[in-house]
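J.: sequence and predicted structure, then a few things I'm wondering about:
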Amino acid sequence: MLRLRRRHRGYLIVLTVEIAILLLLPLAQAVSWLLSFLMISLCSVLIAYVSRYSTLRRTRPLVYGLGAVAVGMEIIWKWALYFDPATGLWLTLPHVIAWLMFLMLALVRKVKSLVREPYVTTSVVMGAASGYLLVGIAGGVLLNAVSVLSPSTFALPVVPQAAAGLTPDGQVQHAVLGQLANAPALMAASFNLLTTVGSSVANPIDVLGQVSITIITVSGQLYVAILIALILGRFHKRR
């Protein structure tokens, strides 16, 4: 019973952190390190308050391992983009893969845990809502990776231009820092796409951007459909 209460408290804490990420995106556009700090906080909360007290024990070590890799890649990637942009660009793909693997595993475990809950309480409903927002956060990670790898993909509010008089390395660093300034805007656009509202920021001009947007929109609808189907299926099985 104590484990159940702690898990339900974890659902509420995760939802609170996700809402904080959404509300603090305007501030994160001015404070470059804030978004990374919020992502690391979300990872810590998912591990400490949800995975730790989950009934799913087989994949728990995998969650811990992927969470540590995601946090480590976030720190290394952000450091490299500031001090060695070429290495930072090379690390973008491993960085996004690490985060997406962790977030998707956490999401799958959360859905399985929600289906196994003995009662549908307010905390369980909040847990389902936090899973939905987790899809949006994963989409934001994907859009930011696409933006760094292909700067001309999206119509961003801050368009990085190569500064005159800089060396080629300096121009690369200037462009990369400009892309990082747009990270909160792309994260917000991901939530808009998740709810099928659409976003003028995420208006891709190439196939890579269009595929990324489609993945986010479809994933949000699939999450709702799969979660409802599993809950109804379990209810029918009980009857």
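T.: That came through, no problem.
J.: let me see the ranges of the helices in this structure.
T.: Taking DSSP state H to define them, one finds helices in the chain at 2-23, 25-28, 34-45, 60-83, 85-116, 122-149, 168-181, 183-194, 207-238.
J.: just those: most buried one?
T.: Ranked by mean neighbour count, the helices of the chain are led by helix 183-194 with a mean of 24 (mean count of other CB atoms under 10 Å). Where C-beta positions appear, they are placed from N, C-alpha and C, glycine not excepted.
J.: what average pLDDT does that helix get?
T.: Across helix 183-194, the average pLDDT comes to 88.
J.: name the surrounding residues that touch it.
T.: If you take CB atoms under 8 Å, 6 or more residues apart in numbering as the criterion, helix 183-194 is touched by 21-22, 25-26, 28-29, 35, 132-133, 135-137, 139-140, 142-144, 147, 154, 156-158, 198-199, 201-202, 213, 216-217, 219-220.
J.: send me it as CSV with only the CA atoms.
T.: Backbone C-alpha positions of helix 183-194 (Å, rounded to 0.1, in the frame of the first residue of the first chain) are rendered in CSV as follows:
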residue,chain,number,x,y,z
ALA,A,183,15.0,25.4,-28.6
PRO,A,184,12.1,26.6,-26.3
ALA,A,185,10.1,27.7,-29.3
LEU,A,186,10.4,24.3,-30.9
MET,A,187,9.5,22.6,-27.6
ALA,A,188,6.3,24.8,-27.5
ALA,A,189,5.6,24.0,-31.1
SER,A,190,5.8,20.3,-30.3
PHE,A,191,2.9,20.7,-27.8
ASN,A,192,0.9,22.5,-30.4
LEU,A,193,1.5,19.7,-32.9
LEU,A,194,0.6,17.1,-30.3
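J.: and it with helix 34-45, angle?
T.: Here helix 183-194 points in a direction 60 degrees away from that of helix 34-45 (axes from the mean of the first three to the mean of the last three CA atoms, to 10 degrees).
J.: what angle do helix 183-194 and helix 207-238 make?
T.: Helix 183-194 and helix 207-238 meet at an angle of 50 degrees, taking the same axes, to 10 degrees as the criterion.
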